[in-house]
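[1] give me coordinates for this.
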Amino acid sequence: MNLFSDIRALVIDSLNAMVSEGALPEGLDYANVTVEPPRDPLHGDMATNAAMVLAKPAAAKPRDIAEALAEKLAEDARVSSAEVAGPGFLNLRLGNAVWQGLPKTILSSGTDYGKSDMGQGLRVNVEYVSANPTGPLHVGHTRGAVFGDALASLLDYAGYDVTREYYINDGGAQVDVLARSVYLRYQEAHDLSVDWPEGSYPGDYLIEVGEALKAKVGDKFLDAPEEEWLEEVRNFATDAMMDLIRHDLALLGVKMDHFFSEKSLYGTGLIEAAIDSLREKGLIYRGTLEPPKGKTPEDWEPREQTLFRSTAHGDDVDRPIMKSDGSWTYFAPDIAYHFDKVQRGYDLLIDVFGADHGGYVKRMKAAVSALSDGKTPLDIKLTQLVKLYKNGEPYKMSKRAGTFVTLSDVVSEVGPDVTRFVMLTRKNDASLDFDFDKVLEQSKDNPVFYVQYANARVHSVLRKAKEAGMAVDDATLTGVDLSGMTHDSELAVARKLAEWPRLIEIAARTNEPHRVAFYLYELASDLHALYNKGNDVPELRFLQEGNTEASQAKIALARAVSVVISAGLGILGVTPVEEMR
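    This is a model prediction of the structure:
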C-alpha cells in the first residue's frame with residue numbers, strides 16, 4: 001500500500017470525471033501531476049500540483065481548476081478537506097480513519113510494507129568496490145562497498161532484478177608490482193635481506209603471502225630470473241589478495257553475485273570484439289588530439305593515435321584506446337567489460353566509483369551509449385572521501401597496510417552495523433567525517449544509536465506487555481480497534497509511516513540509499529517524541545494500566561514503527577537491535 005499513490009489515483013480519477021463533464025478538455029497529460037507532503041505540515045497532509053501543471057494545456061486558470069477539483073476530491077470519504085492555496089496548489093487533509101488503518105496494514109504486510117513493483121523486474125547490474133587486488137580494502141573502499149550494497153538492496157526492494165558485481169583489475173601493471181612485492185616477501189621468508197623499490201607494496205599483509213609461496217614452491221624461484229616466476233607468482237598473489245578482499249567484504253556482510261576478471265578480456269578477442277563494434281559504427285579512427293588543458297606547446301608532442309569518437313556520445317574530447325606501441329590503453333578493457341555487460345542483457349548499469357575516478361564518468365557513459373545504441377543507461381555514482389577521527393585527532397594509518405586505514409581496522413573498532421549506517425549518513429558525493437568516539441555515543445546526535453534505540457524501545461514495551469499478560473503478537477495487534485488514535489503526536493507518527501513506500505520509490509529512482517537512513521532517523525525521532533510525550537500526557541503512554549484494549553492500540557502503532565525500521569535497516573544491511581546494552 002502506497003497512500004500517496006492511492007491519493008494520486010483519486011486525483012486522476014477526479015480529473016477524468018471533470019473531463020467527462022466537460023470541465024476540462026480531453027487529451028490532457030497527467031504525467032507531471034504529483035501528490036506529495038506539503039512543505040509546511042500545517043497546510044495539510046498532502047498537496048497536489050494538478051491545477052498548476054494542467055492550466056496551460058487546458059487553457060484555464062489554475063485556481064478555477066483547483067476549486068473544481070477540490071469539490072470532486074471532497075466527495076471521497078478519505079478526504080476531510082481540500083483547500084486551494086496560492087495560485088492554484090491544492091492542500092488535502094485526510095480523515096483520522098485513514099491514519100488509524102495504517103498500522104493494521106503495516107502489521108499485516110510485515111517488512112514487505114513499502115516494497116514496490118516500480119522496477120518491474122528490469123535487470124540491473126550494480127558494480128561496486130572493484131578495488132585493485134593489491135592489498136586489503138581501505139576505508140575509501142568501505143564507503144563504496146556499503147553504498148553499493150545498500151543501493152543493490154534498495155533496488156531489489158523496489159522491484160528490480162539486481163546483480164551485485166565486482167570487477168577484478170588483474171590485467172594491468174599493478175599486478176606485476178604486486179607479484180614483485182610478494183617475491184620480495186618470499187625472499188624474506190628464506191631469511192634473505194631485500195631492498196624495497198619505490199612504488200612497491202611494503203605492507204605487512206604480504207608477509208603471510210610470501211610465506212605461503214615458500215610453502216608451495218620451496219626454493220624453486222630463489223635464483224630464477226623474473227621471466228620464469230612472474231606469471232605464477234602474479235596468479236598466486238592475486239588469488240591471495242582476492243581471498244583477503246572477500247574476507248574483508250564478509251566482515252561488512254557484503255556478498256557479490258559475480259566476480260569478473262579483467263585478465264579474462266586479454267588474449268580472448270573480447271577487447272577486439274568491443275572495439276570492432278565501435279568501428280562498425282564509425283566511431284574508431286586515427287587522429288591527433290589537442291593538447292590537454294594546462295599544457296603549453298613545449299610540453300606537448302602531438303602524435304597520431306587510435307581514438308574512440310566519444311564526443312559523438314556526449315564526451316568532451318575523443319579518447320585514446322591504443323598506445324603508440326600497439327598495446328591497449330586502460331580505457332580499452334573497460335570498454336570491453338561494459339560491452340560484455342550490455343551483451344548480458346542488462347536493462348540498466350550502475351557503476352560505483354571512488355571520487356578519484358570523476359574524470360572517467362563522461363567517457364564511460366559515452367562508451368556504453370555507443371555500445372548499446374543508446375538503449376542501456378549507465379549511472380555512475382561517485383563516493384567521496386572519508387575522514388577518520390579518534391580522540392579528536394585524525395586516525396593514524398594502519399601499520400599492517402603500510403599507508404592506509406583498512407576496512408578491517410574500522411569494523412574491529414565499531415562493528416559492521418555502525419560502520420554501514422554511518423557510511424550512509426551523508427549523500428555519496430559529499431565527504432564524510434567518521435569519528436570513532438561519536439559513532440559509539442548513546443545520544444540523539446548519533447543517528448545509529450537513535451534509530452536502534454527506537455526499535456529497542458518498542459521491543460521493551462512488547463516485553464513489558466507480555467509480562468503483564470497481554471497478547472501483543474502481530475496477528476492480535478492487527479485486529480485491535482484504533483479509533484481512539486486521535487492525538488496529534490500519534491497521527492504524526494502515522495503520517496511519517498505513510499511516507500515509507502513513497503520514500504522507497506524516490507530513493508530507488510535517484511539511486512540514493514542515504515535517503516533511507518535519513519528517513520529512519522526522522523521516524524525514530526517521531527517515535528521518541530511520542531514516547532516522551534507520555535511523561536506529560538498519561539493517555540499517550542503505550543501501556544495503559546488496567547486497560548488492555550487501549551494498551552494494544554497504542555502498541556500497534558509502536559510495533560508498526562518497529563516493522564518499518566526493521567525493513568529500512570535491512571536495506572542498509574544493518575541488524576535491528578531489540579535490546580540496548
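[2] any idea how far Asp76 is from Ala17?
    11 Å (Cβ to Cβ, to the nearest Å). Where you see a C-beta, it was placed from the backbone N, CA and C, and this is true even at glycine.
[3] list the contacts for the residue nearest in space to the middle of the chain?
    By Cα atoms, centre = their mean, the chain has its centre lying nearest to Leu151, at 2.7 Å. Residues in contact with Leu151 (Cβ atoms under 8 Å, 6 or more residues apart in numbering) are 126, 128, 350, 352, 381, 511, 513.
[4] secondary structure element for it, which one?
    helix 139-157 (DSSP states H and E).
[5] which other residues reach stretch 53-66?
    With Cβ under 8 Å, 6+ apart as the criterion, stretch 53-66 contacts 15, 18, 24-25, 28-30, 32-33, 50-52, 84, 87-90.
[6] hmm, 6 Å instead?
    With contacts defined as Cβ atoms under 6 Å, 6 or more residues apart in numbering, stretch 53-66 is touched by 24-25, 28, 32-33, 51-52, 84, 87-88, 90.
[7] same check, this time on stretch 42-52
    If you take Cβ under 6 Å, 6+ apart as the criterion, stretch 42-52 is touched by 7, 11, 33-35, 38, 62, 65-66, 88-94.
[8] same thing with stretch 547-556?
    Stretch 547-556 is contacted from outside by 103, 470, 472, 477, 480, 482, 484, 542-544, using Cβ under 6 Å, 6+ apart.
[9] could you flag which of the residues you listed are buried?
    Neighbour counting by 16 or more other Cβ atoms under 10 Å classes 103, 470, 472, 477, 480, 482, 542-544 among these as buried.
[10] among the residues you listed, which ones are in helices?
    Taking DSSP state H as the definition of helices, those contribute 103, 477.
[11] re earlier: can you tell me which of the contacts of stretch 53-66 are in strands?
    84, 90 (DSSP state E).
[12] work out for me the element the residue sitting furthest away from the middle of the chain sits within.
    The C-alpha centroid of the chain is most remote from Asp223, which lies 49.9 Å away (Cα atoms, centre = their mean). Using DSSP H and E, Asp223 falls within no helix or strand.
[13] residue contacts, it?
    Counted by Cβ under 6 Å, 6+ apart, Asp223 has zero contacts.
[14] could you dump the contacts of stretch 547-556 into JSON lines with pLDDT added?
    What follows is the contacts of stretch 547-556, written out as JSON lines (pLDDT from 0 to 100):
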{"residue": "Pro103", "pLDDT": "98"}
{"residue": "Met470", "pLDDT": "96"}
{"residue": "Val472", "pLDDT": "97"}
{"residue": "Leu477", "pLDDT": "98"}
{"residue": "Val480", "pLDDT": "97"}
{"residue": "Leu482", "pLDDT": "97"}
{"residue": "Gly484", "pLDDT": "95"}
{"residue": "Phe542", "pLDDT": "97"}
{"residue": "Leu543", "pLDDT": "96"}
{"residue": "Gln544", "pLDDT": "95"}
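[15] mind putting these in a markdown table, distance to His247 included?
    Below are the contacts of stretch 547-556 laid out as a markdown table (distance: Cβ to Cβ, whole Å):
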| residue | distance to His247 |
| --- | --- |
| Pro103 | 42 |
| Met470 | 46 |
| Val472 | 41 |
| Leu477 | 42 |
| Val480 | 48 |
| Leu482 | 48 |
| Gly484 | 53 |
| Phe542 | 43 |
| Leu543 | 46 |
| Gln544 | 51 |
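[16] just to revisit the earlier point, which ChimeraX command selects the buried ones in the contacts of stretch 42-52?
    Here is the ChimeraX command that selects only those of the contacts of stretch 42-52 that count as buried (16+ other Cβ under 10 Å):
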select :7,11,33,34,35,38,62,65,66,88,89,90,91,92,94
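[17] and the two most separated of the contacts of stretch 42-52?
    Farthest pair in the contacts of stretch 42-52 (Cβ to Cβ) is Pro62 and Leu94. Separation: 22.8 Å.
[18] name the nearest residue to Ser108, ignoring sequence neighbours.
    Among residues not flanking Ser108 along the chain, Thr478 sits closest, at 5.2 Å (Cβ to Cβ, 6 or more residues apart in numbering).
[19] how near is that neighbour to Leu102?
    Thr478 is 12 Å from Leu102, by Cβ to Cβ.
[20] pick out whichever of the two has more residues nearby.
    More neighbours surround Leu102 than the other of Thr478 and Leu102, with 24 against 17 (other Cβ atoms under 10 Å).
[21] list the contacts for that one?
    Leu102 neighbours (Cβ under 6 Å, 6+ apart): 494, 497-498.
[22] same deal with Asn169?
    Shown in contact with Asn169 (Cβ under 6 Å, 6+ apart): 132, 262.
[23] and for Lys496, the neighbour number?
    Lys496 is flanked by 20 other residues according to other Cβ under 10 Å.
[24] next one: Ala68
    The number of residues near Ala68, taken as other Cβ under 10 Å, comes to 20.
[25] rewinding a little: the contacts of Leu151 into TSV, with extra columns for pLDDT?
    What follows is these, written out as TSV (pLDDT from 0 to 100):
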residue	pLDDT
Val126	98
Tyr128	98
Ile350	98
Val352	98
Lys381	98
Asn511	98
Pro513	98
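[26] mark which of these are buried, thanks.
    Buried by 16+ other Cβ under 10 Å: 126, 128, 350, 352, 381, 511, 513, out of the contacts of Leu151.
[27] spatially nearest residue to Leu94 (excluding sequence neighbours)?
    The nearest residue in space to Leu94 (Cβ to Cβ, 6+ apart) is Asp45, at 4.9 Å.
[28] equivalent analysis for Gly392, please.
    Closest to Gly392 by Cβ to Cβ, 6+ apart is Asp437, at 7.8 Å.
[29] and Lys263, what does it touch?
    Lys263 touches 170-171, counting by Cβ under 6 Å, 6+ apart.
[30] again, but for the one 5 residues further on
    Neighbouring residues of Thr268 by Cβ under 6 Å, 6+ apart: there are none.
[31] tell me the SS of it?
    coil (DSSP: H, G, I helix; E, B strand; the rest coil).
[32] looking at this protein, which helix or strand is least sure?
    strand 393-394 (a mean of 90; mean pLDDT, DSSP states H and E).
[33] on the C-terminal side of that strand, identify the next helix or strand.
    For strand 393-394, the succeeding helix or strand toward the C-terminus, using DSSP H and E, is helix 407-414.
[34] what comes into contact with that next one?
    137, 139, 142, 248, 251, 398, 419, 436, 439.
[35] ok, and the closest non-adjacent residue to the third one?
    Of all residues not flanking Thr142 in the chain, Leu407 sits nearest, at 4.5 Å (Cβ to Cβ, 6+ apart).
[36] check which residues of the helix holding Leu151 are buried.
    139-157.
[37] again with stretch 40-51
    Under 16+ other Cβ under 10 Å, the buried positions of stretch 40-51 are 43-51.
[38] which of the three states applies to Ile506?
    helix.
[39] neighbours of it, how many?
    Neighbour tally, Ile506, other Cβ under 10 Å: 15.
[40] same check, this time on Val361
    17.
[41] cross-check the contact I'm expecting between it and Asp379.
    No: counting by Cβ atoms under 6 Å, Val361 does not reach Asp379; the two are 9.9 Å apart.
[42] that older thread, just the ones in helices from the contacts of Leu102, please.
    Per DSSP H, the subset of these in helices is 494, 497-498.
[43] in a markdown table, list those along with distance to Ala529.
    Formatted as a markdown table, the ones in helices among the contacts of Leu102 follow (distance: Cβ to Cβ, whole Å):
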| residue | distance to Ala529 |
| --- | --- |
| Ala494 | 13 |
| Leu497 | 14 |
| Ala498 | 17 |
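[44] turn the buried ones among those residues into a named ChimeraX selection, would you?
    In ChimeraX syntax, the buried subset of these is picked out as below (16+ other Cβ under 10 Å):
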select :494,497,498
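[45] closest one of the ones in helices among the contacts of Leu102 to Ser261?
    Leu497 (45.4 Å).
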